[in-house]
Each structure stands twice: as structure tokens, then as C-alpha cells.
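Q: just need the structure, nothing else, for what follows:
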Amino acid sequence: MALMESVDIPLGTRLPKFVLRDPFGVIQVSDYAIGKNGLLVVFTCNHCPYAKAVWPRLIRLGQWAHSHGINVLTVNPNITPDYPDDAPEVMLQRIKEWNIPFPYLIDDTQNVAREFKAQCTPDPYLFDGSGRLVYHGRIDDNWQDESKVKKEELRDAMQALVDGKQITGIQHPSMGCSIKWKQ
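A: You can find the predicted model right below:
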């Protein structure tokens, strides 16, 4: 597994258009995805150790976000025969096992990941209520050990968004396994 970091994307970038489905067949369309206060989109998967380590935090953040008017979508771009642990059938199992409370979407063409310029799993993007990028960085400062987290950068960015404040501070890149691009 190649370790990658997210790339720098200019703040203010518009939410890319997309239409994706989840393993249940439910369709999500970008035009209707934004909540009153914004939208969090996270590219992730089932097998990557980085993604697996932060899934519990992501689920809690998603619950908090939803209660504060920020919708959450997670997207799996690793739909390839070489990674059967990321197959839609396994996503369905994870949704049930982990009680994922937000849509976990299938990007089987990888076109959405390319539009977002996603690089790794996890790779979070926070958009405001008008669909403009306000945060693109890591979830917190310790992916390996939640008990050692000192700074919850994504949570702080979401709180600032909800409070109508400027998101300040350095946006450190997320890091994780590279997206498993199809040839």
C-alpha cells in the first residue's frame, strides 16, 4: 500500500457535480446533497489501515455534523477486482456492522474521485452551504491512536462553519493509502 497525501486544492473551489449510488441502490445527486450549513464528502474504503482507524471518528463526526445542518457522504473509489474487501457487498456489510449513519457511495468509474482530485483514503472535503470548499485536510493530528489526538482539525472546521466564522489555521493534508486507480 502506497502512502499518499491529499493534494492542495484552492479554497472556494465549487463542489463537483456527481450522481452516485450506495450498495442498496439509493442514488445521491450532488445538487441535492448539501445541508443547510454544508456538506462533508470523504473518500474512504474498507481495507486501508488509515481509513479503518478513523472510521469510528468519522461516524461520530457525521452524527455531530448532521445534527448541525451539515450533510455527510462517504465515497469508495476502490471498486476493483484487485481489492475484494472494498467491493459493494463488503461495503454493505460494513454499513450494517459499523452502523454507518450516512450514505456510503460507490464510485465504480472513479470519475468522481478524479473530479475531486482525491488521492488517498481517507480524503475529506468540507463545503459550505453554497457548495464552496472551505476545508480540505486531515481529520485530526493522530490517525493511529485516537487517545493521543490533541487537535481535531475537521471538527474545528465544521464548528467554525456552523458558527459562521472564518476557518483559520493550517490545513494539513490528509494521508492514507493511495486510491487504487484502474488501469
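
Q: hey, where'd the helices end up in the chain?
A: Along the chain, counting by DSSP state H, helices occupy 49-67, 88-98, 111-116, 153-163.

Q: could you dump those to a markdown table with mean pLDDT, distance to W181 and mean neighbour count?
A: Quick note: C-beta positions are derived from backbone N, CA and C, even for glycine. Formatted as a markdown table, the helices of the chain follow (pLDDT from 0 to 100; distance: least, Cβ to Cβ, whole Å; neighbours: other Cβ atoms under 10 Å):
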| stretch | mean pLDDT | distance to W181 | mean neighbour count |
| --- | --- | --- | --- |
| helix 49-67 | 95 | 16 | 18 |
| helix 88-98 | 96 | 18 | 15 |
| helix 111-116 | 98 | 8 | 18 |
| helix 153-163 | 96 | 25 | 19 |
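
Q: got TSV for those helices, with distance to R14 too?
A: What follows is the helices of the chain, written out as TSV (distance: least, Cβ to Cβ, whole Å):
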stretch	distance to R14
helix 49-67	20
helix 88-98	27
helix 111-116	11
helix 153-163	16
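
Q: closest one to V19 among these?
A: Distance to V19, taken as Cβ to Cβ, is lowest for helix 111-116 among the helices of the chain, at 8.8 Å.

Q: can you tell me which residues contact the spatially most central residue of the chain?
A: Central residue of the chain (Cα atoms, centre = their mean): V42, 0.7 Å from the mean position. Contacts here follow Cβ atoms under 8 Å, 6 or more residues apart in numbering; on that basis V42 touches 58, 72-75, 122-125.

Q: tell me which of the residues you listed fall in strands.
A: Of the contacts of V42, the ones assigned to strands by DSSP state E are 72-75, 123-125.

Q: quick revisit: of all the helices of the chain, which lies closest to K180?
A: Ranking those by proximity to K180 (Cβ to Cβ) places helix 111-116 first, at 10.2 Å.

Q: other SSEs contacting the closest one?
A: On a contact count with 3 or more Cβ pairs under 8 Å, 6 or more residues apart in numbering; DSSP states H and E, helix 111-116 meets strand 38-43.

Q: so in that sheet, which strands flank the strand it packs on, and in what orientation?
A: Next to strand 38-43 in the sheet, as set by DSSP bridges, lie strand 70-76 (parallel), strand 123-127 (antiparallel).
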